[in-house]
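got a sequence here, can you build the structure:
(chains A and B)
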Number of protein chains: 2
Amino acid sequence: MNLKQLSHMLQLSQTTVSRALNGYPEVSEETRRRVTDAAKRHGYRPNPSARRLATGKAGMIGYVLPTGASVDIDPHFVEFLSGLGDYARSHELDLVLSPADADDEETTYRRVAANKQVDAVYISAPRPADRRISLVNQLGLPFLVHGRAEGLDFDYPFLDIDNEGAFHEAARLLVQLGHKRIALINGDDGQTFAIFRERGVRRALASAGLALPPERIRSVAMTEENGYRSARSLLEQPEPPTAIACSSLIMALGVVRAVRDLGLTIPGDVSLVAHDDVFPWLRPEHFSVPLSTTRSSIRAAGARIAERLVARISGLEEGARGEIWPVDLVVRGSIAGAAG
Amino acid sequence: MNLKQLSHMLQLSQTTVSRALNGYPEVSEETRRRVTDAAKRHGYRPNPSARRLATGKAGMIGYVLPTGASVDIDPHFVEFLSGLGDYARSHELDLVLSPADADDEETTYRRVAANKQVDAVYISAPRPADRRISLVNQLGLPFLVHGRAEGLDFDYPFLDIDNEGAFHEAARLLVQLGHKRIALINGDDGQTFAIFRERGVRRALASAGLALPPERIRSVAMTEENGYRSARSLLEQPEPPTAIACSSLIMALGVVRAVRDLGLTIPGDVSLVAHDDVFPWLRPEHFSVPLSTTRSSIRAAGARIAERLVARISGLEEGARGEIWPVDLVVRGSIAGAAG
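Presented below is the predicted three-dimensional model:
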């Protein structure tokens, strides 16, 4: 059965049927239900070309992908994509990745907007006063930010996790366990998520009259090797930290290796807590000492970004709505009371 | 400067200029050089819309992405994307990911072909007699396979690494070191890469009169946990293997954990070699005992797939050319002679 036949049977216009099936708000709930039921009963699957004609939409979400020999895409991108793809599939939406020179993403954003090849874009890994957000806003392209950027003079729609709250809670627990020298192995501190995490740790320490001096902070690309190097340099100081908060599970692998190489133990000598994006292929409960984590599924975030983009494209969501997800603090064997 | 001005200056048609800039074969080398030089000198950047009009191409590469709650995309997909994106960027090509129901990719391939939204697709993780390859071939959509599928009755273009040769060489070295009980922790043995790796190990053992019995093979999704479970169940057998070949670095993390939990050592009790796709965030030389690997950069494969797709789209590559990359065997501390 095609759109024409379905419309004829329901005695509705093809445009109405198409809009009903694609969640446009101008169709009444009753009509929508009647159309959806009939489509299901007769095995009708909307043809995207027909849909595009009826709705004037491209049926595509865009993402500008920074590339270059020196750019490493983080593996959490895959998990995000899994979630986004899973939702997009149910709406027959495609995702267009437009590779950009990491030093000049603006050119690519302008091209994406000019070509009208996508209905909306999402922006990830934002920095303070991120120029991509201003640009996309100015170009009039519907968008959603995964994360947040402070220092812009307008509001914008975003989805973020509570990075500051998560690292505040983790550090607060370490303080309550008697730790006084707490270190932070963070990601790129040019990015908002890392800034917020540092702020959370700093605030928890300050509440207890403790400091987070520069020599107890590392800000690095989130690889196993950088986790190792950061942990070694921290633990070889004259007054080493007794607890470490770490921004990724992959870096935590390196921290565990460094602790072992130095003849120390977790949690005997060092307590460790790390952020977990929930990868199916590396689980904190299976570290040699099960790892305490701040946990938030980046796959769920991908699905939610897709859901909200669909809502924005069809006009069901408007304005600059911000959504901040709380983060679980999951305590396992890698943290203990400070010695002495 | 726009296309019209550039064409006028060169006294060539806009179509010729556009084709010259996009590598079409019908333009002479001399003209191409003249056009490229002028474009560079005057800072002309081709407008993709104009290019599409001139060439009849969408300027997009397609990939059908299997999704679903039970589908985990492997992190090596990110590295592949990095390489592909890096090359595609220099040709202003976008990548369209079309999410598909993992149990019914055919519907999505048909939609992608019908919409003419991409100029070519690539297919990854092929299985024997893979129906996606037959389908895309039949739909007349230009394509390239990353990997290989045996059992099809036609030839097709592909890029693969020599999985059989790599695991043959690794197993041969273990045999030469005196190992007689060698185990294989493999990926999904419904996929060609895993079939070829098993074949390589089996062939090396057979040459020495040794067997690879079913109880020394595991075929699992490539997670840390599955590496751990597989290694434990192998090493707790009455006659445990003295050497293990493993299909991924992430599984190897689990193998190392299992060996440690059992109070054994690498390479004293167990030699270990694993396949390395070359992730920037997890390096085999930084395992607690540096890991021997079969090494092939999946990022380089991504770039090469993009390069060949561009060549196929523009007609510079035709026919069913297969390309098989040799794999390095990199020996580090994780392998040693068999005890006793």
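
and stretch A:281-300, end to end?
16 Å (C-alpha to C-alpha, to the nearest Å).

ok now stretch A:93-104, how far from the chain's centre?
On the basis of C-alpha atoms, centre = their mean, to the nearest Å, stretch A:93-104 is displaced by 17 Å from the centre of the chain it belongs to.

please, which helix or strand holds the nearest residue to A:Glu318 once chain neighbours are set aside?
Excluding the flanking residues, the one nearest A:Glu318 by C-beta to C-beta, 6 or more residues apart in numbering or on different chains is A:Arg312, at 7.4 Å. Glycine gets a C-beta too; all of them are placed from N, C-alpha and C. Element membership for A:Arg312 (DSSP states H and E) is helix A:298-313.

just the C-alpha atoms of the very next helix or strand once past that helix, please, in CSV.
The helix or strand immediately downstream of helix A:298-313 is strand A:322-325, counting by DSSP H and E. Provided in CSV are the C-alpha atoms of strand A:322-325 (Å, rounded to 0.1, in the frame of the first residue of the first chain):
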residue,chain,number,x,y,z
GLY,A,322,17.9,23.4,29.0
GLU,A,323,17.8,19.9,30.4
ILE,A,324,20.3,18.7,33.0
TRP,A,325,20.5,15.1,34.0
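
A:Ala120 bridge partners, please.
Beta-bridge pairing of A:Ala120 under DSSP bridges involves A:Ile61.

you'd agree the residue nearest to A:Glu318 is up against A:Leu144?
Yes: the criterion here is C-beta atoms under 8 Å, and A:Arg312 meets it with A:Leu144 at 6.7 Å.

mutual contacts of those two, please.
Taking C-beta atoms under 8 Å, 6 or more residues apart in numbering or on different chains as the contact rule, A:Arg312 and A:Leu144 both touch A:Ala120, A:Pro157.

surely A:Arg304 is in contact with A:Leu159?
Yes: taking C-beta under 8 Å as the definition, A:Arg304 is a contact partner of A:Leu159 at 5.8 Å.

any residues in contact with both of the two?
Jointly contacting A:Arg304 and A:Leu159 under the rule C-beta under 8 Å, 6+ apart are A:Glu323.

so who does A:Met201 touch?
For the record, residue A:201 is Val, not Met. Applying C-beta under 8 Å, 6+ apart, one finds that A:Val201 lies in contact with A:Phe167, A:His168, A:Ala170, A:Ala171, A:Ile182, A:Leu184, A:Leu212, A:Ala245.

now these in JSON lines, with distance to A:Arg295 and pLDDT?
What follows is these, written out as JSON lines (distance: C-beta to C-beta, whole Å; pLDDT from 0 to 100):
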{"residue": "A:Phe167", "distance to A:Arg295": "13", "pLDDT": "98"}
{"residue": "A:His168", "distance to A:Arg295": "15", "pLDDT": "98"}
{"residue": "A:Ala170", "distance to A:Arg295": "11", "pLDDT": "98"}
{"residue": "A:Ala171", "distance to A:Arg295": "16", "pLDDT": "98"}
{"residue": "A:Ile182", "distance to A:Arg295": "20", "pLDDT": "98"}
{"residue": "A:Leu184", "distance to A:Arg295": "18", "pLDDT": "98"}
{"residue": "A:Leu212", "distance to A:Arg295": "23", "pLDDT": "98"}
{"residue": "A:Ala245", "distance to A:Arg295": "14", "pLDDT": "98"}
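
dump those to JSON lines, plus secondary structure and neighbour count.
Putting these into JSON lines (DSSP: H, G, I helix; E, B strand; the rest coil; neighbours: other C-beta atoms under 10 Å in any protein chain shown) gives the following:
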{"residue": "A:Phe167", "secondary structure": "helix", "neighbour count": "30"}
{"residue": "A:His168", "secondary structure": "helix", "neighbour count": "23"}
{"residue": "A:Ala170", "secondary structure": "helix", "neighbour count": "29"}
{"residue": "A:Ala171", "secondary structure": "helix", "neighbour count": "27"}
{"residue": "A:Ile182", "secondary structure": "strand", "neighbour count": "25"}
{"residue": "A:Leu184", "secondary structure": "strand", "neighbour count": "27"}
{"residue": "A:Leu212", "secondary structure": "coil", "neighbour count": "21"}
{"residue": "A:Ala245", "secondary structure": "strand", "neighbour count": "28"}
